[in-house]
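Participant: Following is a predicted model, sequence given first.
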Amino acid sequence: MNKDMCILYVEDEPMSRRVMDLMLVNEMEFTNVVIFEDSTDFMERLLTLDPQPELIMLDIHMQPYTGFDMLAMLRNHDLFSETPIIALTASVMNEEVQQLKNAGFDGCISKPINMDEFPKMIELIVQGQKLWRIIS
């Protein structure tokens, strides 16, 4: 797995941002992790990143743009139409997971994040697998 790949996480909850930073940077040793604290001016900020993200993880319940809104923006942009985009959410009932699939997400990881399973899930996603196992 390329530890230099750019990963973007969009999350408005401070503890979730901290956990993700610890997991991706400290535990998994990724060197290029970007975390947006809100979805304001999402596409404008995203397009200034260099390099562009090769994996994007979106919290679903955000303001002003939800995870679904951001996904639509990404899928409608040539740069991100094929980028793996993962939903992170505490809402993991079967019908909600189906809604995420139908919207075009490449997978879903339930919150709170299972620290033991998370590295393997990220590895599978980076390898191109769609991940819908909801692990609590």
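Facilitator: That came through fine.
Participant: Low-confidence stretches in this protein?
Facilitator: Judged by pLDDT under 70, the chain has its weakly predicted residues at 133-136.
Participant: Tell me which residue is most central in it.
Facilitator: In the chain, the residue lying closest to the centroid (Cα atoms, centre = their mean) is Met57, at 0.6 Å.
Participant: Next, count neighbours for Asp50.
Facilitator: 7 (other Cβ atoms under 10 Å). The way it works is simple: take the backbone N, C-alpha and C, and place the C-beta from them, glycine included.
Participant: so which helix or strand takes in the residue nearest to the centre of the chain?
Facilitator: Following DSSP states H and E, one finds Met57 within strand 55-59.
Participant: Check which residues of that strand are buried.
Facilitator: Using 16 or more other Cβ atoms under 10 Å as the test for burial, strand 55-59 gives Leu55, Ile56, Met57, Leu58, Asp59.
Participant: and if you look at stretch 42-62?
Facilitator: Here stretch 42-62 shows Phe42, Leu46, Pro53, Leu55, Ile56, Met57, Leu58, Asp59, Ile60, Met62 as buried, counting by 16+ other Cβ under 10 Å.
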